[in-house]
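Participant: Show me the folded form of this:
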Amino acid sequence: MAQSGPPRRILGFGPFEVDLSSGELRREGLKVKLQDQPLRLLVLLLESAGEVVTREELRSKLWPADTFVDFDHSLNTAVRKLREALGDSADAPRYVETLAKRGYRFAVPVREREPAAPTALSADAEAPAPAPHAAPRGRPFASRVVAIAGVLVAAALVTYWMGARPGPRTQPGRKLTLAILPFDNLSGEADQEYLSDGLTEEMTTQLARLAPDRLRVTARSSTWKYKRADRDIPRIRQELGADYVLEGSLRRAGERVRVTAQLVQVADQTHIWAQTYDREMRDVLVLESEVARSVARAIAMTLAPEAEARLARARPVRPESYQDYLRGRYFFNRKTEAALRQALGYFQRAVAADPGYAPAYTGLADCYWSLGASSVVGGLPPRQAMPEAKAAALKALEIDDTLAEAHASLAFVHLLYDWDFVASEKEFKRALELDPDYTAAHHWYSHCLLPLGRMEESLAESRRALELEPLSLVVNTHLGWHYFYARQYDKAIEQYRRTLELDPAFPQTQRYAAWALLQKGRHEEAIADLRAASGALGPDPEVEAELGHTLAVAGRRAEARAVLEGLRQLSSSRYVSPYSVALVHAGLGDRDQALAWLDKAYDERSDYMPYLGLEPMLDPLRSDPRFSALVRRVGLPSH
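Facilitator: Numbers count the residues shown, from 1 in each chain. From the prediction side, this is the model:
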């Protein structure tokens, strides 16, 4: 009987194992071809898993002093071949991390395993390096079954591996927090930035809807500061309270995209999942669903049946439609009239290319109601823009009634144009039922509650929005806006002061701060703030009207009348709401003119009318029965 040799050592990680005695790398029992030098490099990294192995250490152990080679070239080649064998990526490494000018680190836990049991396959069979690709259209059914089975096996292995890992310690009932950092654009072309930005935004939306009762996804406005910035994980944990961070990159070549994504557990900075996807542009929506499922598995989160069903409904989309949709969102997020008009054109092209793509209709709705609402951006008459917004939102919901964004878009129209507060509240509640952490819905639901006199509920919604996006200038400003309409002017001024500490030149905060300063009798400060806002925003009819009103109240009547003339001239080149003209006349004490222009604002369905009963700048008109009748016609309670 032959004497047994030394015990075999097998180091395992993920689906791989390295048999140190035979010098073999295997994946799920199948041999993976790997040359000697990359294999030796792998063993060195495995034996120091989690620690940095410096380039000097690698030189001394792999290329002794008497070995005459181009060390840098040889090491880079060995690392590249090792990554190819593991299906790894330098852009978003799941196994081998590069620490610039220092060395390398093996990023996942390594443990010793028992030797794998023999498989029915030949011991000499070799497994190809993993490189997931989208299944080509028309692939035979049997091949698809095999591919699906492979995915399920891999998912089971990930789940098994993750089950052995300690997750973040959470109190019962506390949500886990996931921060999605801006995906890097590796295409080498600045005009492809909309793709990486759009993918980040779409992934944020997808993941936020996975399990809203157990997972909170940090809002886009809070993570965008990390775009092209140092991504120090402890700092992200401190600033965002994140348990996990998802980051990645996108590279486009023609009609194909390569997306890499990796999930990091913040507490110990370990990489717990990573994947590289090569897809046709038409399959990007399916890819987003795959990433969402993988993240859920990696953090051991069971999805509700409705979430699974929603992910399963992901379908291919025409590449030109998806790209135009992302371009539309890119410009929509700039929130200027010119950018919104560009976005509108892209969304129109997107629905023309793929009439069944629901999010593109939501984009159309958002552009139209924003352009039709003078209090938001303005630029189009409400009677022209708002019916288009409503039709687009209803079409989106006809295609997919689980889109929280489409319910919110419809709620905006009900609030700002229909003045149907019951229908608006119903749609906001449905949006928040579908996505409880949807900041914009909390923000605008607060707007809906305010004219109804439900001040405490409105304040709670405003504060909830701020909890979700503490760094958002718009949401911070809105809380001051709430205090203003609650006539708590000192609180409003204090909130605006805090917001201006985040950005001293944010024009909307300067604008609304002026409203509160005016009510406190601080006329010159209010005028200065409005002039600063006007300088930043350009010829904005709403800001000009507020400046005219403030000048009139301050006794500078000639300047106020000059503003009126300026509005008349401006109306020849763009839409000017009658409400704006009424505001200047109210400041001048021209009651009949102010009420006449408010009647025109009613006829044109101005989005300021829902706040008629609250507006302090219209207080001089409140004793007039015509004003009270107008408030009732809008459907508002008396205040």
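
Participant: Stretch 11-21 spans what distance, first to last residue?
Facilitator: With C-alpha to C-alpha, to the nearest Å applied, stretch 11-21 spans 11 Å between its terminal residues.

Participant: low-confidence ranges in the stretch 201-350 of the chain?
Facilitator: For the stretch 201-350 of the chain, the stretches with pLDDT under 70 are 228, 230, 302, 304, 310, 314-315.

Participant: how about a cut-off of 50?
Facilitator: For the stretch 201-350 of the chain, no stretch has pLDDT under 50.

Participant: ok, now the chain?
Facilitator: Using pLDDT under 50, the flagged stretches of the chain are 1-5, 66-69, 116-172.

Participant: tell me the domain ranges of it?
Facilitator: 10-112, 151-163+173-312 (automatic domain parsing).

Participant: Show me which of the ones you listed has the highest average neighbour count.
Facilitator: domain 151-163+173-312 (a mean of 18; mean count of other C-beta atoms under 10 Å). Bear in mind the C-beta positions are built from the backbone N, C-alpha and C, glycine included.

Participant: how about the strands of the stretch 251-400 of the chain, start to end?
Facilitator: 256-265, 270-280 (DSSP state E, counting those that start in this stretch).

Participant: thought Val376 was touching Tyr608?
Facilitator: No. Assessed by C-beta atoms under 8 Å, Val376 is found out of contact with Tyr608, at 10.8 Å.

Participant: Neighbour count for the two, which is higher?
Facilitator: With neighbours defined as other C-beta atoms under 10 Å, Val376 and Tyr608 compare such that Tyr608 has more, 21 against 18.

Participant: how far away is Ile10 from Gly248?
Facilitator: Plainly put, Ile10 is 32 Å away from Gly248 if you go by C-beta to C-beta, to the nearest Å.

Participant: repeat for Gln323
Facilitator: As for Gln323, its distance to Gly248 is 19 Å (criterion: C-beta to C-beta).

Participant: ok so, going back, out of the strands of the stretch 251-400 of the chain, which is closest to Met455?
Facilitator: Smallest distance to Met455 across these (C-beta to C-beta): 41.9 Å, for strand 256-265.

Participant: Would you mind listing the outside residues contacting that closest one?
Facilitator: Contacts to strand 256-265, defined as C-beta atoms under 8 Å, 6 or more residues apart in numbering, come from residues 89, 91-94, 167-168, 183, 195, 199, 233, 243-252, 270-281, 284, 287, 291, 295, 298-299.

Participant: again, only this time at 7 Å
Facilitator: Here strand 256-265 makes contact (C-beta atoms under 7 Å, 6 or more residues apart in numbering) with 89, 91-92, 94, 168, 199, 233, 244-251, 271-281, 284, 287, 291, 295, 298.

Participant: Neighbouring strands of that strand in the sheet, and parallel or not?
Facilitator: strand 244-253 (antiparallel), strand 270-280 (antiparallel) (DSSP bridges).

Participant: Make TSV from the domains of the chain and add distance to Tyr445 to it.
Facilitator: Below are the domains of the chain laid out as TSV (distance: least, C-beta to C-beta, whole Å):
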stretch	distance to Tyr445
domain 10-112	37
domain 151-163+173-312	16
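
Participant: Those domains: which one's closest to Ala460?
Facilitator: Nearest of those to Ala460, taken as C-beta to C-beta: domain 151-163+173-312 at 17.6 Å.

Participant: all helices in the stretch 401-550 of the chain, in order from the N-terminus.
Facilitator: Secondary structure of the stretch 401-550 of the chain (DSSP state H, counting those that start in this stretch): helices at 404-413, 421-434, 439-449, 455-468, 473-485, 489-502, 507-519, 523-537, 541-553.

Participant: helices or strands up against the first one?
Facilitator: The one in question is helix 404-413. Packing partners of helix 404-413 (3 or more C-beta pairs under 7 Å, 6 or more residues apart in numbering; DSSP states H and E): helix 358-372, helix 382-399, helix 421-434, helix 439-449.

Participant: picking that back up, would you point to the one among the helices of the stretch 401-550 of the chain that's packed deepest?
Facilitator: By mean count of other C-beta under 10 Å, the helices of the stretch 401-550 of the chain have helix 404-413 as the most buried, with a mean of 27.

Participant: before we move on, the earlier item: out of the helices of the stretch 401-550 of the chain, flag the one nearest Arg55.
Facilitator: Among the helices of the stretch 401-550 of the chain, the nearest to Arg55 by C-beta to C-beta is helix 489-502 (42.3 Å).

Participant: So which other helices or strands are in contact with that closest one?
Facilitator: If you count contacts as 3+ C-beta pairs under 7 Å, 6+ apart, helix 489-502 packs onto helix 473-485, helix 507-519.

Participant: Including distance to Arg556, could those go into a markdown table?
Facilitator: Below are the helices and strands packed on helix 489-502 laid out as a markdown table (distance: least, C-beta to C-beta, whole Å):
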| stretch | distance to Arg556 |
| --- | --- |
| helix 473-485 | 23 |
| helix 507-519 | 13 |
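
Participant: quick one: the strands in the stretch 1-150 of the chain?
Facilitator: Counting by DSSP E, counting those that start in this stretch, the stretch 1-150 of the chain has strands at residues 10-13, 16-19, 24-27, 30-32, 52-54, 96-99, 103-106, 111-112.

Participant: For Val317, which of those is the nearest?
Facilitator: strand 24-27 (33.3 Å).

Participant: That closest one - contacts with which helices or strands?
Facilitator: Strand 24-27 sits against strand 16-19, strand 30-32, with contacts defined as 3+ C-beta pairs under 7 Å, 6+ apart.

Participant: Can you add distance to Val266 and give those back as JSON lines?
Facilitator: Putting these into JSON lines (distance: least, C-beta to C-beta, whole Å) gives the following:
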{"stretch": "strand 16-19", "distance to Val266": "25"}
{"stretch": "strand 30-32", "distance to Val266": "31"}
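
Participant: Might one say that Met455 is in contact with Ala486?
Facilitator: Yes. Shown here, Met455 and Ala486 form a contact pair, counting by C-beta atoms under 7 Å, at 5.5 Å.

Participant: could you redo the strands of the stretch 251-400 of the chain as CSV and give each row distance to Ala385?
Facilitator: As requested, the strands of the stretch 251-400 of the chain are arranged in CSV below (distance: least, C-beta to C-beta, whole Å):
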stretch, distance to Ala385
strand 256-265, 34
strand 270-280, 36
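
Participant: among those strands, which is nearest His407?
Facilitator: Closest to His407 of the strands of the stretch 251-400 of the chain, according to C-beta to C-beta: strand 256-265, at 28.5 Å.

Participant: so how far is the closest one from its chain's centroid?
Facilitator: Centre-to-centre, strand 256-265 and its host chain are 16 Å apart (C-alpha atoms, centre = their mean, to the nearest Å).
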